[in-house]
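Trainee: next input, structure requested:
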Amino acid sequence: MSIAVRITSLCTEPEFFLQQHSHLSQVVSATPSLSVNSNQTSEVFSPIHHSQEASGPGYQMVQVCAHYEGSIQELRKELNQQVKNTATLSVHVVQEELYTSAKKLIVLDVDSTLIREEVIDELARHAGKAEHVQYITERAMNGHLVFEESLKERVKALAGVSVEAIEQVTHQLTLSPGVLRLIDSLHSKGHKIAAVSGGFIQILRPLSQRIGLDNAQANTLEIVHETLTGKVVGEVVTPETKRLYLQKWAAEENVSLSHVVAIGDGANDILMLEEAALGIAFCAKPSLQLASDVQLNFLRLDAVQHFMGL
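Mentor: Now for the predicted structure:
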């Protein structure tokens, strides 16, 4: 079976930009059953500084089109084996079909992906229980706890926090670098972008409206007399729920699952990434790195454009 692919290398160290071209050529040439059908293309992107976003580094992208006799899983394994001892070279493989699809859907996790914060940790500061909640969050994101149970325990710690704290946290959130550029680029080409979160809709909804997401879903905090009760109401967004919303939005937008990209950072994103045609681990925990198709390990969310032809 022959598949058309694009092989992309990203580098954030300017002193290695010149070597990046030759390193990628060497890796590609040494890969059995891989034939290159285009010259390398490359582009350097400047560091990003935006008032609503965290700062992100500059980087160089080098890409080549090729055909491979075998499966994409086999090719990824072969290339990763070749570059595992080369710290400055990352190699990512995506099938050509995703680049050329007329309409795509991108589904993002929120905490530590769309934004840099973990919202529940920020709310916990207002309850004076930041360390306790952060410890549970870290264990949950690494897959050491059942997500739904860990969520209930963390939300319980928020009992007594006023709704003013929600408003304060919402206004203090920092977007991941490149988010706004990514959203604009997707919309300009007719694609859709959505976010699903194990966090809270009271924070995600206004954020979604402000930055122009097409869909958003999260848990609902129970509020009585302008105060958090320490409970969530309605549907709990679990890892399985994230997967189902990805399916739902793809169906509503008439986008094939073979043209869907999912991006996350923690263990609760595994099912969502596995459901998508391309699962991207963004500055992610080890458990998600292992389950993903592509790993983006520096803070430039707009760099995912190189994996989907934007």
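
Trainee: can you show me the helices along this structure?
Mentor: Taking DSSP state H to define them, one finds helices in the chain at 17-29, 72-83, 96-100, 119-127, 130-141, 147-156, 163-172, 179-188, 201-211, 239-252, 270-275, 286-291.

Trainee: of these, which approaches Val224 most closely?
Mentor: helix 163-172 (10.3 Å; C-beta to C-beta). Every residue, glycine included, has its C-beta placed from N, CA and C.

Trainee: check which helices and strands that closest one sits against.
Mentor: Secondary-structure packing of helix 163-172 (3 or more C-beta pairs under 8 Å, 6 or more residues apart in numbering; DSSP states H and E): helix 119-127, helix 201-211.

Trainee: helix 179-188 and the last one, what's the angle between them?
Mentor: Just to be clear, that refers to helix 201-211. Helix 201-211 and helix 179-188 are oriented at 70 degrees to each other (axes from the mean of the first three to the mean of the last three C-alpha atoms, to 10 degrees).

Trainee: now helix 201-211: how far from the chain's centre is it?
Mentor: 18 Å (C-alpha atoms, centre = their mean, to the nearest Å).

Trainee: about what we covered before: ranking the helices and strands packed on helix 163-172 by burial, who's on top?
Mentor: Across the helices and strands packed on helix 163-172, the average number of neighbours (mean count of other C-beta atoms under 10 Å) peaks for helix 119-127, which reaches a mean of 22.

Trainee: neighbours of Glu15, just the number please.
Mentor: For Glu15, the count of nearby residues is 8 (other C-beta atoms under 10 Å).

Trainee: one step back: and the helices of the chain, which one is worst for confidence?
Mentor: Of all the helices of the chain, helix 130-141 carries the lowest average pLDDT, namely a mean of 86.

Trainee: I'd like to know which elements it is packed against.
Mentor: On a contact count with 3+ C-beta pairs under 8 Å, 6+ apart, helix 130-141 meets helix 119-127, helix 147-156.

Trainee: can you point out the buried residues in the longest one?
Mentor: By 16 or more other C-beta atoms under 10 Å, the buried positions in helix 147-156 come out as Phe147, Glu148, Ser150, Leu151, Arg154, Val155.

Trainee: and if you look at stretch 278-292?
Mentor: Of the residues in stretch 278-292, Leu278, Gly279, Ile280, Ala281, Phe282, Cys283, Ala284, Lys285, Ser287, Leu288, Ala291, Ser292 count as buried by neighbour count, 16+ other C-beta under 10 Å.

Trainee: same check, this time on stretch 266-277
Mentor: Gly266, Ala267, Asn268, Asp269, Ile270, Leu271, Met272, Leu273, Glu275, Ala276, Ala277.

Trainee: format the CA atom coordinates belonging to it as PDB.
Mentor: Taking C-alpha atoms only, stretch 266-277 is exported to PDB below (Å, rounded to 0.1, in the frame of the first residue of the first chain):
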ATOM      1  CA  GLY A 266      -3.500  15.600  29.300                       C
ATOM      2  CA  ALA A 267      -4.600  12.000  29.800                       C
ATOM      3  CA  ASN A 268      -8.200  13.000  29.600                       C
ATOM      4  CA  ASP A 269      -7.700  13.900  26.000                       C
ATOM      5  CA  ILE A 270      -6.500  10.500  24.800                       C
ATOM      6  CA  LEU A 271      -9.900   9.200  23.600                       C
ATOM      7  CA  MET A 272     -10.500  12.500  21.700                       C
ATOM      8  CA  LEU A 273      -7.100  12.300  20.000                       C
ATOM      9  CA  GLU A 274      -7.600   8.700  19.100                       C
ATOM     10  CA  GLU A 275     -11.000   9.500  17.400                       C
ATOM     11  CA  ALA A 276      -9.500  12.200  15.200                       C
ATOM     12  CA  ALA A 277      -7.700  11.600  12.000                       C
END
